[in-house]
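Participant: Make a model of this:
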Amino acid sequence: MSKYRVLYIDDEKDDLTQPIRKKLEAKGSLEVVLSKPKSFEDQIDRLQEEIDGCVALILDLQLNGPQENVANGKGDVFQVKYQAPPLAQMIRTYATEGKLPDVPIILCSTEDKIQISFSRDFTSHDLFDWTFLKDDINEETIDKIVSLINGYRHLATNIKDFNKFLDRNYSEIDERILSRFVTEEDPPIHEVARVVFKDIVQPTGVLINELTLAARLGVDIEESGESWMKLKDSFFKTARYHGIYHESWVRWWNDKVLDIFEDITNDNLASLDAKSRVSLLVENTGIDGLIAAKPIKLFESSVFWNICEVTEKPLDPFEGFKISGKEEPKPWQDYSYVSLFAVVSEPDLISKKGIKIHPSDNGRLVAARKKID
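Facilitator: Numbers count the residues shown, from 1 in each chain. Prediction:
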């Protein structure tokens, strides 16, 4: 099995970075090369040597710890005076100019540092392809890093072939999404990768994840068990997304889901409540054991379309409360939502996730809370 070579820059001591390296190498798919940060000018020069043969770069968020200057032979200690974002920005610029290879840049840190610093610095988010926590490294983390690497490699040979890297006729979806790259002669790989990942794959909209798929079909995943697996894997198989990143980010094309439901039932999915959707699916697929999802506590509607980001249960967006993000959703994207039940019962989790109610829904939330207080 071939390994992907990944450069990992962290200011921590070896007794802290070596366990991280071992975890990332546990599946045998990654070979992690550890490096300490240098002064900013030296770091850029050194990167051109260190990144040779590497297909991804992992950066610790805070690189400003004291470092030993072994280059001058004296072992002097110096203080790095920058963090990952400015370094990532320079790397992206050099990659665009062809001075460095264009590879995924992945951020890692602890939960506290992410919450205190990075999560509030929206201008830095687009510099990184993905972020993971040092304490949460598992096989899924490794698989996602590999998927990001594969995505870049695929784009390197198909940068202008939208149909190929999306595995879909691009003219069938919202053509505004990648419109800037139609006329751009030689777009940087990282720019196309960012738009595909952060505008198509990650958000709910053109693509939906399994929880949202179940919500839109009205199905309770846990209660339905094997019947749910049979429904999505048999009848909605052709709606699965097989473009770049699909290995670790499992998605379905929303428009195809709606078409398949209509083909199966001769009815419009969006106009039905959960019980009606499930009844039609059982009747027309012959799959017994499908159980309709019920509304989250404090809600009544079962005309589900989205999920609560805290409870991960289906909700009707007209009952849910929009979450305020770093920017308004693009025309082809949905808002994220939180339920009233989550707001009143999980305040610590709401705070931990950094969830803030969209200004347009603040008044409605205040009124709803008054009714139950």
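
Participant: Report the contact partners of the residue nearest in space to the middle of the chain.
Facilitator: In the chain, the centroid-proximal residue (Cα atoms, centre = their mean) is Gln202; its distance is 4.2 Å. By Cβ atoms under 8 Å, 6 or more residues apart in numbering, the residues touching Gln202 are Trp249. The C-beta positions use only the backbone N, C-alpha and C, and glycine is treated the same way.

Participant: Quick check: it vs Gly325, distance?
Facilitator: 11 Å (Cβ to Cβ, to the nearest Å).

Participant: quick check: domain ranges of this protein?
Facilitator: Structural domains assigned to the chain are 4-153, 158-201, 204-294, 296-373, following automatic domain parsing.

Participant: Could you report the pLDDT at the residue nearest to the centre of the chain?
Facilitator: If you check Gln202, the pLDDT there is 97.

Participant: sorry, back to before: columns mean neighbour count on top of the domains of the chain, output as TSV?
Facilitator: Shown next, in TSV, are these (neighbours: other Cβ atoms under 10 Å):
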stretch	mean neighbour count
domain 4-153	17
domain 158-201	16
domain 204-294	18
domain 296-373	17
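
Participant: worst average pLDDT in those domains?
Facilitator: Among the domains of the chain, domain 4-153 carries the lowest mean pLDDT (a mean of 88).

Participant: ok, now which ones touch the residue nearest to Asp273 when sequence neighbours are not counted?
Facilitator: Spatial nearest neighbour of Asp273, excluding adjacent residues (Cβ to Cβ, 6 or more residues apart in numbering): Ser302 at 4.5 Å. Ser302 makes contact with 218, 273-275, 292-295, 314, 316 under the criterion Cβ under 8 Å, 6+ apart.

Participant: Of the residues you listed, which belong to helices?
Facilitator: 274-275 (DSSP state H).

Participant: Adding distance to Asn362, write the contacts of Ser302 out as CSV.
Facilitator: Formatted as CSV, these follow (distance: Cβ to Cβ, whole Å):
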residue, distance to Asn362
Gly218, 30
Asp273, 28
Ala274, 28
Lys275, 32
Ala292, 32
Ala293, 28
Lys294, 27
Pro295, 22
Pro314, 23
Asp316, 19
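
Participant: Distance of the closest residue to Trp249 other than its chain neighbours relative to Glu319?
Facilitator: Nearest-residue entry for Trp249: Val201, 5.2 Å, with adjacent residues in sequence omitted and distances by Cβ to Cβ, 6+ apart. Distance of Val201 to Glu319, given as Cβ to Cβ: 27 Å.

Participant: At which residues are the helices of the stretch 151-300 of the chain located?
Facilitator: With DSSP state H, counting those that start in this stretch, the ranges of helices along the stretch 151-300 of the chain come out as 162-166, 180-183, 189-195, 210-217, 221-224, 226-230, 254-265, 274-285.
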